[in-house]
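Engineer: Next input, structure requested:
(2 chains)
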Protein chains: 2
Amino acid sequence: MKQLKERILKDGKCLEGGILKVDNFINHQMDAKLMMEMAKEIVERFKGTSIDKIVTIEASGIAPAIMVAYLLDVPVVFAKKKVPSTMEGILKSEVFSFTKNRTYEICLCDSYLQKGERCLFVDDFLANGNAALGMIDLASQAGTEIVGMAFLIEKGFQAGSKMLREKGIRIESLAIIESLDNCEIKLKD
Amino acid sequence: MKQLKERILKDGKCLEGGILKVDNFINHQMDAKLMMEMAKEIVERFKGTSIDKIVTIEASGIAPAIMVAYLLDVPVVFAKKKVPSTMEGILKSEVFSFTKNRTYEICLCDSYLQKGERCLFVDDFLANGNAALGMIDLASQAGTEIVGMAFLIEKGFQAGSKMLREKGIRIESLAIIESLDNCEIKLKD
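Structural biologist: Residues are numbered from 1 along each chain as shown, chains lettered A, B, ... in the order given. The predicted structure is shown next:
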């Protein structure tokens, strides 16, 4: 997506260790108009796919997910990283974060993932794909189908995309980072 | 707001201890169309107020905040509950949660709250107002003005609203819960 790619080159920052910082328009401060444009692009790419619900993970997946859900007029449910005291019927999965070098738990109330539902997973980043795997696990526990996954930014040089595609999951990423070598952002295409 | 009030009475659940559970349409599973309607109502209520930015706190404030930001065409920034390793220039504040009976930290990168900016705080719930106080503290550290606060649901029988109004802050709540006594939801008006 041209608009996103230009913005990444303009406002993204590359830190040591292959970290791409886009927290001035994606995941801390957010550009709401751009978020809606990205949601439109996601909807366009999944045109013709029947989708009952959007699923995501707090916190930075929520903004793109609610926009996509709004455009498709379907509910959105976000997995939480802490189990709320008032939640019953909890589905849980463990996710290992390479960035944070620790394992965390994600959870969902089982009322909000129904057997046979067709869900689109929306998130801000695809890197190693561990958060996506956690969501696949939750969906599988509920008997829910993940019909595709949409990411704003994919780190194409990390393992997530290949691993998820090999599982037969359709992946759409609006911008693919080819390399962050020498702290320089190189985009695919 | 009529549509929200009806939905609370239809789908809200009251738990022991004055807890209102609206996690099937507000803060776990979310109704995206309703979220946009609520955002429109917030924009309508603050018509005539000059607003440079929307501020909120992760995670459940993000959905209404991004919708309001979209409608007003301003950026939105959300305070995080964990300090990211890649964040520089951090503003921090402590928030005591009555629901969870513990203190947590909220933080914001100081680049995203500028001196003299006029911010509208948007959140899902107003109860004791401690999260709102935390945001006032962050804004005050940055020299940013909070021109108002908008909440989807206010627990009118708790102290937050009165305390914030006494500080001279304009508060708008789309639905006000008068009482949850005997596990029955009573709305104001």
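Engineer: gap between the most centrally placed residue in chain A and residue A:153?
Structural biologist: Compute the mean C-alpha point of chain A, and by CA atoms, centre = their mean the closest residue is residue A:123, 1.6 Å away. Distance, residue A:123 to residue A:153, using CB to CB, to the nearest Å: 10 Å. Backbone N, C-alpha and C define where each C-beta goes, glycine included.
Engineer: Then residue A:117?
Structural biologist: Here the criterion is CB to CB. By it, residue A:117 lies 27 Å from residue A:153.
Engineer: the more surrounded of the two?
Structural biologist: residue A:153 (25 against 20; other CB atoms under 10 Å in any protein chain shown).
Engineer: which SS class is the more buried one?
Structural biologist: strand (DSSP: H, G, I helix; E, B strand; the rest coil).
Engineer: Quick one: residues contacting it.
Structural biologist: The neighbours of residue A:153, taking CB atoms under 8 Å, 6 or more residues apart in numbering or on different chains as the test, are A:4, A:8, A:20, A:22, A:26, A:124-126, A:173-177.
Engineer: Okay, and the residue nearest to residue A:51 when sequence neighbours are not counted sits in which element?
Structural biologist: Using CB to CB, 6 or more residues apart in numbering or on different chains and skipping residues adjacent in sequence, the residue nearest residue A:51 is residue A:120, 4.8 Å away. Taking DSSP states H and E as the definition, residue A:120 sits inside strand A:118-126.
Engineer: Check which helices and strands that strand sits against.
Structural biologist: Judged by 3 or more CB pairs under 8 Å, 6 or more residues apart in numbering or on different chains; DSSP states H and E, strand A:118-126 is in contact with strand A:53-57, helix A:62-72, helix A:130-142, strand A:145-155, helix A:160-166.
Engineer: If we use 6 Å, what do you get?
Structural biologist: With contacts defined as 3 or more CB pairs under 6 Å, 6 or more residues apart in numbering or on different chains; DSSP states H and E, strand A:118-126 has these neighbours: strand A:53-57, helix A:62-72, strand A:145-155.
Engineer: Briefly note if the shortest one comes near chain B.
Structural biologist: No. Strand A:53-57 lies out of reach of chain B by CB under 6 Å from any CB of the partner chain, never closer than 8.0 Å.
Engineer: near chain B, which residues of chain A?
Structural biologist: Within chain A, the positions near chain B by CB under 6 Å from any CB are A:15, A:19, A:21, A:28-30, A:32, A:36, A:58-59, A:62-63, A:66, A:69-70, A:75-77, A:86, A:109, A:112.
Engineer: Show me those residues that map onto helices.
Structural biologist: Counted as lying in helices by DSSP state H, out of those, are A:32, A:36, A:62, A:63, A:66, A:69, A:70.
Engineer: thought the second one was touching residue A:67?
Structural biologist: Read that as residue A:36. Yes. Counting by CB atoms under 6 Å, residue A:67 is a contact partner of residue A:36 at 5.3 Å.
Engineer: Tell me, how many residues neighbour residue A:165?
Structural biologist: Residue A:165: 13 neighbours (other CB under 10 Å).
Engineer: before we move on, what about residue A:110?
Structural biologist: Neighbours of residue A:110 (other CB under 10 Å): 16.
Engineer: who are the neighbours in contact with it?
Structural biologist: Neighbour list for residue A:110: A:89, A:91, A:142 [criterion: CB atoms under 6 Å, 6 or more residues apart in numbering or on different chains].
Engineer: got a pLDDT number for the last one?
Structural biologist: Among the per-residue scores, residue A:142 holds a pLDDT of 97.
Engineer: For it, give me its contacts.
Structural biologist: Residue A:142 neighbours (CB under 6 Å, 6+ apart): A:110, A:113.
Engineer: please redo it, this time with the cut-off set to 10 Å
Structural biologist: Residue A:142 makes contact with A:91, A:108, A:110, A:111, A:112, A:113, A:114, A:115, A:116, A:117, A:119 under the criterion CB atoms under 10 Å, 6 or more residues apart in numbering or on different chains.
Engineer: Can you select the buried ones among these for me in ChimeraX?
Structural biologist: Typed into ChimeraX, the line below selects the buried ones among those, using 16 or more other CB atoms under 10 Å in any protein chain shown:
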select /A:91,108,110,112,113,117,119
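Engineer: Any chance of the contacts of residue A:142 in a markdown table with pLDDT and distance to residue A:50 as columns?
Structural biologist: As requested, the contacts of residue A:142 are exported to a markdown table (pLDDT from 0 to 100; distance: CB to CB, whole Å):
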| residue | pLDDT | distance to residue A:50 |
| --- | --- | --- |
| A:91 | 96 | 23 |
| A:108 | 96 | 21 |
| A:110 | 96 | 22 |
| A:111 | 96 | 22 |
| A:112 | 97 | 19 |
| A:113 | 97 | 16 |
| A:114 | 95 | 15 |
| A:115 | 97 | 16 |
| A:116 | 96 | 12 |
| A:117 | 98 | 10 |
| A:119 | 98 | 11 |
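Engineer: Looking at the contacts of residue A:142, which one is closest to chain B?
Structural biologist: Minimum distance to chain B across the contacts of residue A:142 is 4.4 Å, recorded for residue A:112 (CB to the nearest CB).
Engineer: List the contacts of that closest one.
Structural biologist: Remark: with contacts taken as CB under 10 Å, 6+ apart, residue A:112 is in contact with A:53, A:55, A:75-79, A:89, A:91, A:142, A:144, B:23-24, B:28-30.
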